[in-house]
Structures are given as structure tokens and as C-alpha cells.
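In: I would like to see how this sequence folds:
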Amino acid sequence: MLKTVVSRALSLALLLLSLSGCYSLGGGSLPEHVKTVAVPVFAGGSGYGNDLNRAVTNKIEAATPLQITSSIARADALLECSITTWSDSSSQLSVDTERAITNRITIGVRASMDDRVEKKQMFSQSFVAFADYTVGDYLGQQEAIRVCMERIADEIIDAIVSGW
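Out: Reported below is the predicted structural model:
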């Protein structure tokens, strides 16, 4: 009886291992003709356009085969982004004093990517990220900003690779 259970478990494990290489996600690869992308500096955002641009370009280089180019004219694709909302507001009030104990950074970005070779839009959408920090904690505020930028950069990368 125990030998049968062990044998079946081993057979099932081998079957699962052999099937694990058979599954792949569709729609996650870039078109072959898109090899370079231009990403102009983000507009808007209280001076954080450069920082968010850097976060997105770093993610593109790390997570896709695309090469960043500074020449829009020679790029196979163009990723244009603008910071549409930027706020730092109270998110949690103290019950005793009714003063804010945490603030929330919220960043909204509108992004679109055009395939310049086939002259068509690959995607156009908005992204929003937020993170909280303790009121008066400057380093916490900077970390919340960084977290928001990373989240938006991740969402933009997801849109780039899932759009095809």
C-alpha cells in the first residue's frame, strides 16, 4: 500500500516536471522589427520628470531587449510619457488630534508608445501609483516617491511587453 502511494506520487512529480517546460505565455514578446526606443524626458511632475524617466529607461534596459536611443528620428519605437498628477496629501488622521499622521504621495502618468516602423500606436494608457509615509519624515517621503516611480516604471514595462 505505501509502495503504491509513493510510486504514484513519484509518477505525478515526474509528469509535472516534464510538463513544466511545455507552457509559455503568449503576447509577451516584442515585434522583431522593434529594436530601439526613444524615451524623451517626462513632462510635468514638479521637477521629477528626469527621475521618472531614468526609472523607466533603467527598467527597459533591464527587462526588455530594447536599446534606448536619444534620436527620435532613428528609433523604431517612441515612448512618450507625461506626469499628469502629483500630490502629497494627508492620508491618515490622528483620532486624538485630528492632525495628519501619514501622508500619501500619488503620481499619475499618461504614457503612449508608437511603433514608428509600422506607424501605429502600440498602447496608450494612464498609470497611478501611491505610497504612504509618516508626516515629517523627509527620508520616508523620498522613499515613498521612489516606490511610486518604481511601480509606475514596472507598469509601463508590463504595458510594453504585453502589448504585443
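In: measure R104 to S87 for me?
Out: R104 sits at a distance of 8 Å from S87 (criterion: Cβ to Cβ, to the nearest Å). In short, each C-beta sits where N, CA and C put it, glycine included.
In: For those two, indicate the residue with more neighbours.
Out: Each of R104 and S87 has its neighbours counted (other Cβ atoms under 10 Å); R104 has more, 17 against 12.
In: so that one sits right up against V135, yeah?
Out: No. Counting by Cβ atoms under 8 Å, R104 sits too far from V135 to count as a contact (10.6 Å).
In: so what sits against both of these two?
Out: Counting by Cβ atoms under 8 Å, 6 or more residues apart in numbering, the contacts common to R104 and V135 are S90.
In: tell me the SS of R151?
Out: What DSSP: H, G, I helix; E, B strand; the rest coil gives for R151 is helix.
In: In this structure it contacts A129, no?
Out: Yes. If you go by Cβ under 8 Å, R151 and A129 touch, sitting 3.8 Å apart.
In: of the two, who's got more company?
Out: When R151 and A129 are compared for neighbours, A129 comes out ahead with 20 against 17, by other Cβ under 10 Å.
In: could you say which helix or strand contains the more buried one?
Out: strand 120-134 (DSSP states H and E).
In: In that strand, which residues are buried?
Out: Neighbour counts using 16 or more other Cβ atoms under 10 Å place M122, F127, A129, F130, A131, Y133 of strand 120-134 among the buried residues.
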